[in-house]
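S.K.: A predicted structure for the sequence below; I have some questions about it.
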Amino acid sequence: MGIADGIPLSRLDPHAYDIIVLEGERYPYASGYDRFAHTLAQRFPQQADQLGEYVRRVRSIAQASPLYDLRLVGSPSFMEAPCHRISIDHFVAGITSNPALQAVLLGNMPLYDGVHGLTPAYIHAIISNSYMQSAFRVVGGSDTIARALCRSIERQGGCLRTGTEVVELLCDDQRMTAVRLDSGELLMGRRFISTMHPWALMGRIGSPLLRRAYRERIAAVPNSLSNFTLYLRFKPNSVPYLNSNLFYYHDRDAWASAYSPERFGRRFMFMHQCHQPNPSFAQSAVLIAPMAFAEVARWAHGRGEAGYRELKQQRAELLIDRLNCIFPGISAKIEGYHTSTPLTYERYTSTAQGATYGLMRDAGAPERSYISHRTKIPNLLLAGQSITAHGALGVTMGAVVVCADILGPQLLEQIERWR
């Protein structure tokens, strides 16, 4: 699509692209398979062999995945693979019995909202493998990608519509025919791709082409957790640029236990924003902490906004205090901030409950939580967080699968040649 040149990248520190902070100790993830294992082995010298085995298994799972290798998912054996039926914590426990190393190896769980006993190992493996190979930030922030995509679509004659809502998907007795906007306008088409949350999608399709059992199965899949996001703006030339992603865990209990409001702020992800290649100082940063939709549901209809603002301020101040413990004095260098909550994400993206990564995957029942990109409506395809896999990598792979379904296998051949 000709967008690569419009998306400048800045490489993260190859010696510590991620830093796991656990009980006050810092553990770096290094780029490259051998370097990743060797770097952590310096902190866990008795676990060097286990670290080598971990890297080998992660790489093996990722390379065997038809998603990661850009092959279409066309056979039932895909869901039968062991990595779909073992949870991330059991996967790591099968490699090392050291609880500290287990926690460190799974320290990047916020990238896919990993849940103990639930999230399949393959999600951890494909994401971790990708970062081990190379890790970058987008210069100017992730909306640089969106702007580049918009320009490419318009260059090729496409039209982008914003500020309007799709309220209904219309079908005849065989296929989808149009979408109805909140203005009443109908947009006709031959093919349709939906990236909206599956719950929201089901509510917009009345056609019997989607059977009741399919709808009920999707409705029964639980949502991933949402988050509270704190956007920080720093005073000029006051905060040295951190060329690593930081994952903070107050203690091992914060790492392993299910979220509850009382545990807010005990784990979070912190990243500086890259405003230019290889900056010396950061202009801004984002801090993302788990948060449940139930904590803000009372304000879903706009009543009691003062209480909502008070909650956001309390949560922001708590996170800044925690951040100040990691980086002493950083609170005095903050020029301003703003926040978003699960309610923000639901309002602006129509994502049910503001779920960060859509519907959850369940290693105990992969076939129940797996949603194919194909539907019983032959010209309606699905993509997004709830389809294929979580995270930016999962969404990208899912988009490629959908495009290849439309354009044919030659698309995958072209991508392989480009790689």
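M.R.: Sure thing, it's come through.

S.K.: so where do the helices sit in the stretch 301-419 of the chain?
M.R.: For the stretch 301-419 of the chain, helices defined by DSSP state H, counting those that start in this stretch occupy the ranges 305-326, 342-349, 366-369, 391-407, 410-418.

S.K.: please convert these to a markdown table, extending it with mean pLDDT, mean neighbour count and distance to residue 253.
M.R.: C-beta here means a position set from N, CA and C on the backbone, and glycine is covered the same way. A markdown table is the format used below for those (pLDDT from 0 to 100; neighbours: other CB atoms under 10 Å; distance: least, CB to CB, whole Å):
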| stretch | mean pLDDT | mean neighbour count | distance to residue 253 |
| --- | --- | --- | --- |
| helix 305-326 | 95 | 15 | 15 |
| helix 342-349 | 92 | 18 | 23 |
| helix 366-369 | 86 | 16 | 27 |
| helix 391-407 | 87 | 19 | 25 |
| helix 410-418 | 74 | 12 | 43 |
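
S.K.: which among those helices is found nearest to residue 182?
M.R.: helix 342-349 (14.6 Å; CB to CB).

S.K.: can you name every helix or strand that the closest one contacts?
M.R.: strand 226-234 (3 or more CB pairs under 8 Å, 6 or more residues apart in numbering; DSSP states H and E).

S.K.: swap the cut-off to 10 Å and go again
M.R.: strand 226-234, strand 284-291, helix 305-326 (3 or more CB pairs under 10 Å, 6 or more residues apart in numbering; DSSP states H and E).

S.K.: so which of the ones you listed gets nearest residue 358?
M.R.: That would be strand 226-234 among these, by CB to CB, at 10.9 Å.

S.K.: hey, C-alpha coordinates of that closest one in CSV?
M.R.: Once non-C-alpha atoms are left out, strand 226-234 reads as follows in CSV (Å, rounded to 0.1, in the frame of the first residue of the first chain):
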residue,chain,number,x,y,z
SER,A,226,-10.0,-2.6,30.2
ASN,A,227,-7.5,-0.1,31.5
PHE,A,228,-6.9,3.4,32.9
THR,A,229,-4.5,5.4,30.8
LEU,A,230,-2.5,8.3,32.0
TYR,A,231,-1.0,10.6,29.4
LEU,A,232,1.9,12.7,30.8
ARG,A,233,3.4,15.8,29.4
PHE,A,234,6.9,16.7,30.7
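
S.K.: helices and strands of this protein: which one has the lowest mean pLDDT?
M.R.: Every helix and strand of the chain was ranked by mean pLDDT, DSSP states H and E. The lowest is helix 77-80, at a mean of 57.

S.K.: identify the residues contacting residue 403.
M.R.: Residue 403 makes contacts with 193, 381, 383, 411-412, 415, as judged by CB atoms under 10 Å, 6 or more residues apart in numbering.

S.K.: now, which of these sits nearest residue 144?
M.R.: residue 383 (20.4 Å).

S.K.: tell me if I'm right that that closest one and residue 402 touch.
M.R.: Yes: with contacts counted by CB atoms under 10 Å, residue 383 reaches residue 402, the gap being 4.9 Å.

S.K.: what do those two both touch?
M.R.: 193-195, 373.

S.K.: neighbour-wise, which of those residues leads?
M.R.: Greatest neighbour count in those, by other CB atoms under 10 Å, goes to residue 194: 22 neighbours.

S.K.: about what we covered before: dump the helices and strands packed on helix 342-349 to TSV, plus distance to residue 208.
M.R.: Shown next, in TSV, are those (distance: least, CB to CB, whole Å):
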stretch	distance to residue 208
strand 226-234	33
strand 284-291	38
helix 305-326	40
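
S.K.: out of the shared contacts of residue 383 and residue 402, flag the one nearest to residue 311.
M.R.: Nearest member of those to residue 311, counting by CB to CB, is residue 195, at 29.9 Å.

S.K.: look up the closest residue to that closest one, ignoring the ones flanking it.
M.R.: Distance criterion CB to CB, 6 or more residues apart in numbering; nearest residue to residue 195, sequence neighbours excluded, is residue 384 at 3.8 Å.

S.K.: tell me which residues touch the one you found, please.
M.R.: 193-198, 201, 351, 357-359, 371, 373, 394-395, 398-399, 402.

S.K.: for residue 184, give me its contacts.
M.R.: residue 167.

S.K.: ok, residue 218 next?
M.R.: If a contact means CB under 10 Å, 6+ apart, then residue 218 has 197-199, 201-202, 210, 359, 368-369, 371, 386 as its contacts.

S.K.: from the shared contacts of residue 383 and residue 402, pick the one nearest residue 305.
M.R.: Nearest member of the shared contacts of residue 383 and residue 402 to residue 305, counting by CB to CB, is residue 195, at 30.0 Å.
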